[in-house]
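In: Attaching a predicted model along with its sequence, questions to come.
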Amino acid sequence: MEQQARWWAVVAVMGGIFLLVTAEQLPIGLLSQIAREMGVSEGTAGLMVTVPGVVAAFAAPLLPVAVGRMDRRVMLTALMVAMTVGSVLSALASSFVALLAARVLIGVSIGGFWAIAGGIAPRLVPEQSVPKAMTVIFGGVTAASVLGVPLGTLLGDMSNWRWVFGGLGGVSLLVGGALWLTLPALAPREPVRLGVLFRQLANRGVRVAVLTTGCVVVGHFVAYTFISPILQNISGVEQRHVGTLLLLYGAAGIIGNVVAGMKAARNPYIAVLMIPVLLVVIVASFPLLGTNPHTGVGLLMLWGAVFGSISVSIQTWILRTAPNTEAATALMAFVFNLSIGLGALLGGRVVDTTSLSTTMWAAAALFLIGVVLVGRTPSRLVNKGRIRELP
């Protein structure tokens, strides 16, 4: 009975990750609609992804430090309540500035939640079940692409983006209640301090994971933030089909997450290496091969499957190499979310000053750097490691 209860806690954490990633990326599918209503360019509207990404990046390492020995159950529940408030304020925003201000609160929730939830699996299930639990938890990331962002896009097309943000707030409150009811007391055995965070970078495995994640995630969001105009202007897809295609993109991501979860448990080095390798090929070829709806959709599905595997693959790498898994996970959450914000910001500048094709080639160049970083790392550094429990 105890183990069954712990698995319900794993599912609740997955639900939190699902909603947070949905909230962070939801403007991508609604970008054109919000830009028109708020009277800003699509490049400027991309700041709705940049702002929470940057805020989440700094919240990830600083919140665990600030709360010290606070029970992680209390912390995760409180962050979902904050997410509820931020979503409702977003729905009620009367100006673009007010909307960005509400997105700051969502960014705090994302960063703090991810920093704790990303490495929580070893404290909820036995060691042999950790890969499965991590696949479930990080399935929330791909489920957000499968259900959250596409469903939000479809609902926004049928009604209005404000109703979508408001509904997200209501569901967030329900998940906060589920976390409170299912999670056990999770007091940290050692409070995270800034010095401990920075010392993680002395470990080569953590350092490579941080740099590779930065390159891949920045590259992804340089291009993916503008996937709606990319599909419309490069592949000739009608806007009314974008929501459905994002649904299929997310479904491909779930498949990628499951396959990567099994592969990373056996060989995390290869699982991580193949991500930037495949993304270089897919994204660089998109402006050349994805010039009609059929090939554009095919490349989009491959893109979704590959990027959907990144969270579980990188986190498995971290659990195999990091001296302090909670500190390293907080550091990774910093890098991941900062990279989302920087990618959206950089992509917006490139889109506004050059072209969508140039944006995709810039993304491919960043993926190539990730290939070099992982390729120069000895595989034994990662594959011979053993999963560590949170401190």
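Out: Cool, the structure landed.

In: Can you show me the helices along the stretch 151-300 of the chain?
Out: Secondary structure of the stretch 151-300 of the chain (DSSP state H, counting those that start in this stretch): helices located at 161-182, 194-199, 204-224, 227-233, 242-266, 268-289, 293-307.

In: Just to check, A344 is in contact with G53?
Out: Yes. Assessed by Cβ atoms under 8 Å, A344 is found in contact with G53 at 6.6 Å. Bear in mind the C-beta positions are built from the backbone N, C-alpha and C, glycine included.

In: Any idea how many residues pack against the closest residue to G290 other than its chain neighbours?
Out: Counting by Cβ to Cβ, 6 or more residues apart in numbering, G290 lies nearest to G296, which is 3.9 Å off, once chain neighbours are set aside. When neighbours are counted by other Cβ atoms under 10 Å, G296 registers 21.

In: How much space separates G296 from I254?
Out: Distance, G296 to I254, using Cβ to Cβ, to the nearest Å: 21 Å.

In: same check, this time on V65
Out: For V65, the distance to I254 (Cβ to Cβ) stands at 34 Å.

In: Any figure for the gap between P27 and V222?
Out: As judged by Cβ to Cβ, P27 and V222 stand 16 Å apart.

In: that older thread, show me the common contact partners of A344 and G53, please.
Out: Shared contacts of A344 and G53 (Cβ atoms under 8 Å, 6 or more residues apart in numbering): F221.

In: Pick out whichever of these two has more residues nearby.
Out: A count of neighbours by other Cβ under 10 Å puts A344 above the other of A344 and G53, at 31 against 28.

In: Tell me how far the more buried one lies from T321.
Out: A344 is 29 Å from T321, where distance means Cβ to Cβ.

In: and L373, what does it touch?
Out: Taking Cβ under 8 Å, 6+ apart, we find L373 in contact with 208, 211-212, 215.

In: Count the residues that sit near the residue nearest to it when sequence neighbours are not counted.
Out: Nearest residue to L373, sequence neighbours excluded (Cβ to Cβ, 6+ apart): T212, at 4.8 Å. By other Cβ under 10 Å, the residues close to T212 number 26.

In: Was I right to think T212 contacts G370?
Out: Yes. The criterion here is Cβ under 8 Å, and T212 meets it with G370 at 4.7 Å.

In: Give me the common contacts of these two.
Out: Common neighbours of T212 and G370, using Cβ under 8 Å, 6+ apart, are P276.

In: low-confidence ranges in the stretch 1-150 of the chain?
Out: Along the stretch 1-150 of the chain, segments meeting pLDDT under 70 span 1-5, 67-68, 118-119, 142, 145-146.

In: Repeat the analysis, applying 90 as the threshold.
Out: 1-14, 17-18, 20-75, 93-95, 110-150 (pLDDT under 90).

In: What residues of the longest helix belonging to the chain count as buried?
Out: Ranked by residue count under DSSP state H, the longest helix found in the chain is helix 2-38. Buried residues in helix 2-38, counted by 16 or more other Cβ atoms under 10 Å: 6-7, 9-10, 12-35, 38.

In: for stretch 354-370, same thing?
Out: 356, 359-364, 366-370.

In: Could you tell me the average pLDDT over it, please?
Out: Here stretch 354-370 scores 92 as its mean pLDDT.

In: can you list the residues that contact it?
Out: Here stretch 354-370 makes contact (Cβ under 8 Å, 6+ apart) with 212, 215-216, 218-220, 222-223, 226, 229-230, 233-234, 275-276, 279-280, 283-284, 286-287, 346-347, 350-351.

In: how far is that stretch from where the chain is centred?
Out: Distance, stretch centre to chain centre, for stretch 354-370: 19 Å (Cα atoms, centre = their mean, to the nearest Å).

In: same thing with stretch 98-106?
Out: How far stretch 98-106 lies from its chain's middle: 18 Å, per Cα atoms, centre = their mean.

In: what about dumping the CA coordinates of it to CSV?
Out: C-alpha atoms of stretch 98-106 as CSV (Å, rounded to 0.1, in the frame of the first residue of the first chain):
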residue,chain,number,x,y,z
ALA,A,98,0.6,43.6,-17.2
LEU,A,99,0.7,40.2,-19.0
LEU,A,100,4.5,40.1,-18.7
ALA,A,101,4.3,41.0,-15.0
ALA,A,102,1.9,38.0,-14.4
ARG,A,103,4.3,35.8,-16.3
VAL,A,104,7.0,36.6,-13.8
LEU,A,105,5.1,34.8,-11.0
ILE,A,106,4.6,31.8,-13.3
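
In: got the buried residues for that stretch?
Out: Going by neighbour count (16+ other Cβ under 10 Å), the buried part of stretch 98-106 is 99-100, 102-106.

In: now those residues in JSON lines, with secondary structure?
Out: Below are the buried residues of stretch 98-106 laid out as JSON lines (DSSP: H, G, I helix; E, B strand; the rest coil):
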{"residue": "L99", "secondary structure": "helix"}
{"residue": "L100", "secondary structure": "helix"}
{"residue": "A102", "secondary structure": "helix"}
{"residue": "R103", "secondary structure": "helix"}
{"residue": "V104", "secondary structure": "helix"}
{"residue": "L105", "secondary structure": "helix"}
{"residue": "I106", "secondary structure": "helix"}
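
In: mind putting the residues you listed in TSV, distance to L174 included?
Out: Converted to TSV, the buried residues of stretch 98-106 look like this (distance: Cβ to Cβ, whole Å):
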residue	distance to L174
L99	24
L100	26
A102	20
R103	21
V104	23
L105	18
I106	17
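
In: Show me which of those is closest to A121.
Out: Of all the buried residues of stretch 98-106, I106 has the smallest distance to A121: 24.3 Å, by Cβ to Cβ.

In: Which residue, neighbours along the chain excluded, lies closest to that closest one?
Out: Nearest to I106 is G86, by Cβ to Cβ, 6+ apart, at 3.9 Å.

In: Does the one you found lie in a helix or a strand, and which?
Out: helix 72-92 (DSSP states H and E).

In: Could you pull out the buried residues of that helix?
Out: So for helix 72-92, counting by 16+ other Cβ under 10 Å, buried means 72-80, 82-91.

In: now it against helix 2-38, angle please.
Out: 20 degrees (axes from the mean of the first three to the mean of the last three Cα atoms, to 10 degrees).
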